[in-house]
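Student: here is a sequence together with a model predicted from it:
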Amino acid sequence: METVTIRDEFIKLGQALKLAGLVGSGVEAKDVIADGEVKVNGEVETRRGKKLYKGDTVEFAGQAFVID
């Protein structure tokens, strides 16, 4: 599983997808999240502003990463 390292206390879901290289833009992130294609900790998440903290896992398009 890939690791996305953050410097702050949290990162928003849309930003995390971009940082992980799974989407190319914020608009693309917004679309895939709104379409229910992204899971956070095993649950479908439709809020792109969802705050992710260290230890959270994200799944999209057959790939997964953990926030560290």
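Tutor: Good, I have the coordinates.
Student: use CA for all of it now, contacts and neighbours both
Tutor: OK.
Student: isn't Thr57 right up against Lys51?
Tutor: No. Shown here, Thr57 and Lys51 do not form a contact pair, counting by C-alpha atoms under 8 Å, at 11.8 Å.
Student: longest helix of this structure?
Tutor: Across the chain, the longest stretch assigned as helix under DSSP state H is helix 26-34.
Student: buried set for it?
Tutor: Of the residues in helix 26-34, Ala29, Lys30, Val32, Ile33 count as buried by neighbour count, 16 or more other C-alpha atoms under 10 Å.
Student: report all helices and strands that that helix contacts.
Tutor: Counting contacts by 3 or more C-alpha pairs under 8 Å, 6 or more residues apart in numbering; DSSP states H and E, helix 26-34 is packed against helix 13-19.
Student: tell me how many other residues surround Gly14.
Tutor: When neighbours are defined as other C-alpha atoms under 10 Å, Gly14 has 23 of them.
Student: list the contacts of it.
Tutor: Contacts here follow C-alpha atoms under 8 Å, 6 or more residues apart in numbering; on that basis Gly14 touches Gly26, Ala29, Lys30, Ile33, Arg48, Gly49.
Student: 10 Å - rerun?
Tutor: For Gly14, the residues meeting the contact criterion (C-alpha atoms under 10 Å, 6 or more residues apart in numbering) are 23, 25-33, 47-51.
Student: same check, this time on Ser25
Tutor: Counting by C-alpha under 10 Å, 6+ apart, Ser25 has contacts Gly14, Gln15, Leu17, Lys18, Leu19.
Student: no more questions from me, cheers.
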